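Engineer: got a predicted model here, sequence first, then my questions.
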Amino acid sequence: MNIRQRHDIIVRTLRRNGMATIDELAQEVGASRRTVLRDISALRDDGFVIYSESGPGGGLQLDPQSMQTSARLSVGEVFALLISVAAMRAAHSLPFSDLADAGLAKIEKSLPSDKVRDLRRFLECLHIGRISPNQDLPDLGDIDPALLPAFEEAFLGQSLMQFDYRDAKGAMTRRKVEPQAMLILQPLWYLVAWDPERDGFRHFRMDRISAPERIVGSSFRRRHVHFEGDVSRYKDRLG
């Protein structure tokens, strides 16, 4: 369990239980008392107000007014929330869209300026359309969770990335590409990339990508990607 995960569990435990001892928190996160004490200090530095009460029945208590968890979200986490809402809207399966937009707007406004800048750049790569109702989807699989962090590094750093790709016939190849855009045609998600070996754009279904990684030290230039008329760029609502 990494530091971020421990911090999240500590905050959730204090929020849920109202009060907890150091020993209880240590057992919850599977760490030593000393580690939990360092975590509490780090959370206080992040703006969480955590009170200590000594004596029998005492422990740590979190001020609910200080739970600014949204400010601790990463660019990738906020991006994941945005594209999930965008995908649901594209599939016409977002019944509470106004509330979702309002909640996302609050999260966006809480981000530091450097994260807002990175989020804007990330969102510029996102395009959304609608899939043909006649499209056959017999082999739709799960998307590798490691894909989004790899995309974040590659898109923001304009670095080449490589991955294993399984084509429609099941053949596996190792591909090295310049990531240019993400395309959502719910329920299909694509990486649109320039393939130097084939000297052209290729659409890679994300559920067929595995073992993604950014190629450190590489770089490429942005290219104009042409989409059909029913595909549009995601319009972010950052101020």
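Structural biologist: Thanks, I have it. Residues are numbered from 1 along each chain as shown.
Engineer: packing partners of the one helix or strand in the chain whose mean pLDDT sits lowest?
Structural biologist: When each helix and strand of the chain is scored by mean pLDDT, DSSP states H and E, helix 97-110 comes last, with a mean of 78. With contacts defined as 3 or more CB pairs under 8 Å, 6 or more residues apart in numbering; DSSP states H and E, the packing partners of helix 97-110 are helix 75-90. Yep, even glycine has a C-beta here, placed from its N, CA and C like the rest.
Engineer: how about residue 43, what does it touch?
Structural biologist: With contact set as CB atoms under 8 Å, 6 or more residues apart in numbering, residue 43 has these partners: 7, 10, 11, 50.
Engineer: could you export the strand of greatest length in the chain as CSV, CA atoms only?
Structural biologist: Longest strand of the chain, by residue count under DSSP state E: strand 172-185. Only the C-alpha atoms of strand 172-185 are listed here, as CSV (Å, rounded to 0.1, in the frame of the first residue of the first chain):
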residue,chain,number,x,y,z
MET,A,172,-0.2,-10.0,-31.0
THR,A,173,2.3,-7.4,-32.0
ARG,A,174,4.5,-4.8,-30.1
ARG,A,175,3.6,-1.4,-31.4
LYS,A,176,5.5,1.9,-31.0
VAL,A,177,3.3,5.0,-31.8
GLU,A,178,2.9,8.7,-31.3
PRO,A,179,-0.4,9.2,-29.3
GLN,A,180,-2.5,11.9,-30.9
ALA,A,181,-6.1,11.5,-29.6
MET,A,182,-8.5,9.5,-27.5
LEU,A,183,-11.8,8.6,-29.2
ILE,A,184,-14.9,7.4,-27.4
LEU,A,185,-17.5,5.7,-29.4
